[in-house]
Every structure is written in C-alpha cells, then in structure tokens.
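Peer 1: got a predicted structure plus its sequence, pasted below:
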Amino acid sequence: MQLSEIGEFGFIDRFSGKFSGLLQPAVHGIGDDCAIMPLDDQFEQVVTTDLLIEDIHFLKAAISPFDLGYKALAVNLSDIAAMGAQPTGSFLSIALPSDVDVEYMDEVMNGYHQLSEKYKVPLLGGDTTKSPGKIIINVCVTGKVKKGEAKLRSSAQNGDAICVTGFLGDSGAGLKVLLDGLTPDTNSKKLVSWHNKPEPAVDEGLWLGKYSGVHAMMDLSDGIASDLGHILQKSDKGAIIHLEKIPISPELQQTASDNQWDALKLALTGGEDYRLLLTIDSEKVNPIKEAYNKTFSHPLSIVGTITNKPSGEIQWKKSGKLVPLHKGGFNHFSP
Ligand SMILES: [Mg+2]
C-alpha cells in the first residue's frame, strides 16, 4: 500500500494508539495543535513542531529568505496561539545543501529573529546538518498556559457559534498569484505578503483563551472545510456553515474578480491562513465578538453553529438552503 492511499492522517492513525498507553495522567499527546504537559502548580507546558521542505512547502524563487525564516516560526507560533497559550521558546533544526549562500541563511535567520523578538520568544537550541539537495527546516516551539485553560479541539458543544478570526483565503490566493505568475498590484501584493509572511494570532489566541465561553479552538492551516472536521471529530459533533458569512478580504474580492477566481473556494480550501477557528457558547458570543472587534484591527466573524448530529459532518448552507459538497471541490457552490 502506498502512503497516498491513506494520507497523512491515515498514517498517523496507524501508530498513534500504540503510544497512548505511555502517556502519564494529565498529559495530552497526539491529536491537537500542541501536546500538553504539566509544568508547575499554576501552568501547563504546550509543545508543537512543524516541518518545512523546499519545493513542497516553499519555492525558493517565490519567497525571500527573510520571509522564509519568519514563516517557519510563524506557523509554529500559530499552533501555540490555537491553545490560548503564551510562547516561551523555540528550537530550530536545519538541513542545508553545502553550496547554500551564507548571506541567504543570514537573511533566513534575520526573519526568524524579527518574529522571535516581536513575541519575546528566545531561540533555545536545535541542530544544523547537511542536506543532499533541498533546504529542510524543522521548528519546535514551547509555550505555557494556565492549568486546565488550554483550548482543545474536543471541547465544542451543541449550539456553539463557530467563529473565525480575520479573513480567509488570502494565503491561498497569494500562492495562486505566485504560481500563475501574475504581475502583482496593490491588492494581490497583500495576498502574496500574507502567504509568505503570515502573522500568527498570538495576541488573539491569548485574548480569546481568557474567556471560559470560548470552548474549542484550533488554527486554520488546511482550510476551514478540512480543519473544522478535526474539531467535529474530536468533539463528536456536527456543524452548519453559512457560506455568505465566510469573511473575505476586500483584497481577495478584488483580485478574484479581476482574474475570474472563485473567492469562496479559496476561502474554504486555500489553506495556510493561520487564522483561528473557534467555537463560543451561543449565550456569550455576542459580547465576546463586540469586545474582540474593538481590540483587534480585523473582525471576529460568526460563520455557523455546532450541532449534535450528524457527527463529523458539515452541512453547507447558502441563503439558508443546503448546498451539496462534491468530493471534487466547491465548484457546485456557484449560484
Ligand atoms: Mg494547527
């Protein structure tokens, strides 16, 4: 059997159960944005790791070395943010071909350092080794969160409002601008910038994490159509999503209309948004949303509702009517 037949999550399922018996009580292992371990009387430690491989996760010609370093840390800080945790340190391991320019790597580290400085996250160690060809970057980030207050994927409750921070699809659209070789204008430059240098929602995650009315939370890395499935699976719940409520930035609207792209499809499936997806108690969502929108420069949007059944399934609605999702994608969502 080839890996492509079962995919990333099918592969993880084949071994993750074997390790669950090794877990100490109060330790959460595989299956959330971060692992959680006891730290002291007041705090728990959260840990995440992510791998970036040249030509799979980034194209050297399409991202500056500064942005590459920034993004390598950003995608990990995003997982810390998803727990409502404060980042505390990072580890960086890199495999490099021996002919890589030192000046190129200096810039990678300048980008990594700028984001480290922004959130006061020290680089604590790592490893550097030779690669036979491509650049490989692995980052591990630690964080801390008050005991019992980490936001889990498994905490969604029936009737919760499903919310997202910021706009969806900008990163996927930015990648499309790069791959299609478009000459960037003011709007599409912003999309490319979000793709290459995403801003992790560290402050937003910490802010939201303080509310007990915020139940489940995760970051959006693969697109809401796929990521929401993880919350539903872990929480044993279903969901209704109202497509007209999906927040799309003015830049994506304009670029999509200029190039005849389906902005909604990019927003649902584009991936690498690194925004937060969360569920909030329906009685508490309005004041939280109002306070959020006063605090941050981008909106918190309510896009749907958690349901008891059918478990694991998303019902997509447009103007109140069910819209079928075909395996091939979202083409059928067009009016
Ligand atoms: Mg994540």
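Peer 2: Perfect, I can see it now. Residues are numbered from 1 along each chain as shown.

Peer 1: off-centre distance for the helix or strand harbouring Leu252?
Peer 2: Taking DSSP states H and E as the criterion, Leu252 maps to helix 250-259. Computed by C-alpha atoms, centre = their mean, to the nearest Å, the chain-centroid distance of helix 250-259 equals 23 Å.

Peer 1: can you check stretch 180-199 too?
Peer 2: 18 Å.

Peer 1: buried residues, that stretch. List them.
Peer 2: Using 16 or more other C-beta atoms under 10 Å as the test for burial, stretch 180-199 gives Asn187, Ser188, Lys190, Leu191, Val192, Ser193, Trp194, His195, Asn196, Lys197, Pro198, Glu199. C-beta: built from backbone N, CA, C; applies to glycine.

Peer 1: ends of that stretch, how far apart?
Peer 2: With C-alpha to C-alpha, to the nearest Å as the measure, the first residue of stretch 180-199 is 24 Å from its last.

Peer 1: which residues are in contact with that stretch?
Peer 2: Contacts to stretch 180-199, defined as C-beta atoms under 8 Å, 6 or more residues apart in numbering, come from residues 62-64, 67-68, 70-71, 74-75, 78, 111, 170-175, 177-178, 249-252, 254-255, 258-259, 272-274.

Peer 1: change it to 6 Å
Peer 2: With contacts defined as C-beta atoms under 6 Å, 6 or more residues apart in numbering, stretch 180-199 is touched by 63, 67, 70, 74, 170-171, 173-175, 177, 251, 254-255, 274.

Peer 1: mind checking which of the residues you listed are in strands?
Peer 2: Among these, none falls in strands (DSSP state E).

Peer 1: closest one to the ion out of these, please.
Peer 2: Nearest to the ion out of those is Tyr274 (C-beta to the ion; 8.6 Å).

Peer 1: contacting residues for that closest one?
Peer 2: Ser78, Pro198, Pro200, Asp219.

Peer 1: Leu208 too?
Peer 2: Leu208 is in contact with Val214, counting by C-beta under 6 Å, 6+ apart.

Peer 1: phi, psi of it?
Peer 2: Per-residue torsions, Leu208: phi -70, psi -30 (degrees, to the nearest 10).

Peer 1: would you mark the buried spots in the helix holding Leu252?
Peer 2: Glu251, Leu252, Gln254, Thr255, Ala256.

Peer 1: that one - contacts with which helices or strands?
Peer 2: Under the contact definition 3 or more C-beta pairs under 6 Å, 6 or more residues apart in numbering; DSSP states H and E, helix 250-259 sits against helix 170-179, helix 186-196, helix 263-269.

Peer 1: now whichever residue of the stretch 101-250 of the chain sits closest to the ion, which residues is it bridged with?
Peer 2: Going by C-beta to the ion, the ion is nearest to Asp219 of the stretch 101-250 of the chain, at 4.3 Å. Beta-bridge partners recorded for Asp219 (DSSP bridges): Leu276.

Peer 1: wait, it touches Ile80, no?
Peer 2: No. Asp219 lies out of contact with Ile80 (C-beta atoms under 6 Å); the separation is 9.1 Å.

Peer 1: the more surrounded of the two?
Peer 2: Per other C-beta atoms under 10 Å, whichever of Asp219 and Ile80 has more neighbours is Ile80, with 31 against 26.
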